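Q: A structural model of the following input is requested.
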Amino acid sequence: MNGPATPASTRNPILWGAYLACSWTWCIGMFLPALLLRDMGWAGFLIFALPNIIGAAAMGWIIPSRADSARFVDNHPDAIWWFSAITLAFHLFWILWITHFIRTALNIPTPYLAGGIGIAFVFALISNRGIRRGQAPQVALALLTFSLGILIATTCTPDVQESNAALFNSTPNSMAPLWMLPVMLFGFLLCPYLDITFHHARQQLDTKKNGRLGFSIGFAGFFSFMILLTTRYAGAMAGAMDGTGVASIATPWLATGLLIHILCQWIFTVRAHLDRLQTLPGAKSKQPVLLLLALLAGIAGFLTIHLPSYAGLTGGEIIYRLFMSAYGLGFPAYVLYRVVMKRKPGLPTLWILIALASPLFWMGFIERQPIWLIPGMTLVLLGIFIPRINHRNKS
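A: From the prediction side, this is the model:
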């Protein structure tokens, strides 16, 4: 399914751990912590980080072999294709949306901005060539090293302190993290199994030991540092997004380094998904659908600046949160029913439950009343018992 295995010299858990961390550092890990810190403080970050790290790392332990991973992909190619397709559309929307405020957030002078974009363009060329030649893990390790250097730099300069202090000081005390935790667990524990880049890594880590080691290093180690870096610029991003904050990153090279981190991680994730998407059966025939999704996402990204605010959220953030519903509701529900419970097209039941739960998720994430997420999750989980009831009635 995923092509020939890489040479033995590249079946290295550290290299593939870097690949996993970079392929999973996308428009959720590089941005959602800023929203959660704004709304819920460090408790919000923890309910995001811990299920995310544990759920992603667990895949390397739960799928014991290369053959098991290949079998999973063969059994669920359509769901895996849709996961990557929605992820690519999400990325296109997000990068176009943040162009409206990222320069304000990072306070980048024009020459530095041009230099940062130039470096990202060169990285795109290099990473494209490297991935095509089967050297994606090496590219990822170089990118990871750069991002970790920027993380260290943010701790050695006072640039981010003012905006982050303002962000944390304005955080209200509430029960929101408690109500949101079940959804975070649901999404982050189940979504990784539909990520084609995870299966690619698992199939190259040829032994059970290497699989467990690679995923553990990748997420408990590397990825945890990547989302910690997001917290360093969270205040600047959150303030610039709604126009209430003042850019406070005064060191041009640091601001440019953060921009390069964001752009290059975005490039790597998009390129990795495009590369692996081609290995799925029927991928070529679905290209028009992928292009249509990209077109719609691109239009949405361009138009966000003209959309009205609602419930204290900008139009761009509302669309961002709607994209998130795919990973908090749709995809994990599929994995629960079709993979964990092995319920075959019980899909009508699945879609009915998702439709019934959607208004409650809207209340939780758009109206920002997270207590509604509890009955929403209860509805989704109720479907577990429906086939049992039907079986008893038949008997």
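
Q: residues in contact with stretch 328-335?
A: 79, 83, 183-184, 186-187, 189-191, 193-194, 350, 353-354, 357-358, 361, 365, 376, 380 (Cβ atoms under 8 Å, 6 or more residues apart in numbering). Every residue, glycine included, has its C-beta placed from N, CA and C.

Q: list only buried entries from those residues.
A: Neighbour-count burial within these applies to 79, 83, 183-184, 186-187, 189-191, 193-194, 350, 353-354, 357, 361, 365, 376, 380; the criterion is 16 or more other Cβ atoms under 10 Å.

Q: mind checking which of these land in helices?
A: Among the buried ones among the contacts of stretch 328-335, the members found in helices (DSSP state H) are 79, 83, 183-184, 186-187, 189-190, 350, 353-354, 357, 361, 365, 376, 380.

Q: mind picking the two most distant members of the residues you listed?
A: A79 and F365 (22.5 Å; Cβ to Cβ).

Q: all helices in the stretch 51-200 of the chain, in order from the N-terminus.
A: Using DSSP state H, counting those that start in this stretch, the helices of the stretch 51-200 of the chain run over residues 66-75, 77-98, 102-106, 110-132, 136-156, 161-169, 176-190, 196-204.

Q: so which of those comes closest to S224?
A: helix 136-156 (10.8 Å).

Q: can you list contacts of that closest one?
A: Contacts for helix 136-156 (Cβ under 8 Å, 6+ apart): 6, 10, 12, 14-16, 18-19, 21-23, 25, 123, 126-127, 130-131, 160, 222, 225-226, 228-229, 232-233, 254, 257-258, 260-261, 264-265, 268, 272, 275.

Q: next, the angle helix 196-204 makes with that helix.
A: With axes from the mean of the first three to the mean of the last three Cα atoms, to 10 degrees as the basis, helix 136-156 and helix 196-204 are set at 120 degrees to each other.

Q: report the buried residues of helix 136-156.
A: Buried-residue list, helix 136-156, by 16+ other Cβ under 10 Å: 136-144, 146-148, 150-151, 153-154.

Q: quick check: the farthest pair among those?
A: Largest pairwise distance in the buried residues of helix 136-156, by Cβ to Cβ, is 26.8 Å, between A136 and T154.

Q: shaky segments in the stretch 201-350 of the chain?
A: Along the stretch 201-350 of the chain, segments meeting pLDDT under 70 span 244-248, 343-347.

Q: where is the longest helix in this protein?
A: Ranking each helix of the chain by length (DSSP H) puts helix 252-277 first.

Q: in that helix, what counts as buried?
A: Buried-residue list, helix 252-277, by 16+ other Cβ under 10 Å: 252, 254-273, 275-277.

Q: repeat that for stretch 283-302.
A: Residues of stretch 283-302 classed as buried: 283, 290, 293-294, 297, 300-301 (neighbour count, 16+ other Cβ under 10 Å).

Q: over to stretch 34-43?
A: By neighbour count on 16+ other Cβ under 10 Å, the buried set for stretch 34-43 is 34-41, 43.

Q: Y337: which of the residues you listed is nearest?
A: Distances from Y337 to those, taken by Cβ to Cβ, are shortest for L36, at 27.7 Å.

Q: wouldn't the closest one be in contact with G44 here?
A: Yes: using Cβ atoms under 8 Å, L36 makes contact with G44 at a distance of 3.4 Å.

Q: what does stretch 192-204 rub up against?
A: With Cβ under 8 Å, 6+ apart, stretch 192-204 has contacts from 2, 5-6, 10-11, 16, 19-20, 23-24, 55-56, 58-60, 63, 66, 69-70, 72-73, 76, 79-80, 83-84, 211, 214-215, 218, 272-273, 276-277, 279-280, 331, 334-335, 339.

Q: from the residues you listed, which would you call buried?
A: Buried among the contacts of stretch 192-204 (16+ other Cβ under 10 Å): 2, 6, 10-11, 16, 19-20, 23-24, 55-56, 58-60, 63, 66, 69-70, 72-73, 76, 79-80, 83-84, 211, 214-215, 218, 272-273, 276-277, 280, 331, 334-335, 339.

Q: could you report the distance from the nearest residue to R103 once chain neighbours are set aside to A120?
A: Nearest residue to R103, sequence neighbours excluded (Cβ to Cβ, 6 or more residues apart in numbering): L113, at 6.4 Å. Distance from L113 to A120, counting by Cβ to Cβ, to the nearest Å: 11 Å.

Q: overlap in contacts of those two?
A: Contacts common to L113 and A120, judged by Cβ under 8 Å, 6+ apart, are L259.

Q: which residues touch A79?
A: Listed by Cβ under 8 Å, 6+ apart, the contact set of A79 reads 194, 331, 334, 338.

Q: switch the cut-off to 10 Å
A: Counting by Cβ atoms under 10 Å, 6 or more residues apart in numbering, A79 touches 73, 193-194, 330-331, 334-335, 338-339.

Q: what of A300?
A: Contacts of A300 (Cβ under 10 Å, 6+ apart): 89, 92-93, 96-97, 307, 315-316, 319-320, 322-323.

Q: drop anything exposed from the residues you listed.
A: Buried among the contacts of A300 by 16+ other Cβ under 10 Å: 89, 92-93, 96-97, 315-316, 319-320, 322-323.

Q: can I get those residues in JSON lines with distance to M175?
A: Rendered in JSON lines, the data for the buried ones among the contacts of A300 read as follows (distance: Cβ to Cβ, whole Å):
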{"residue": "A89", "distance to M175": "33"}
{"residue": "L92", "distance to M175": "35"}
{"residue": "F93", "distance to M175": "31"}
{"residue": "L96", "distance to M175": "35"}
{"residue": "W97", "distance to M175": "30"}
{"residue": "G315", "distance to M175": "28"}
{"residue": "G316", "distance to M175": "27"}
{"residue": "I319", "distance to M175": "27"}
{"residue": "Y320", "distance to M175": "23"}
{"residue": "L322", "distance to M175": "24"}
{"residue": "F323", "distance to M175": "26"}
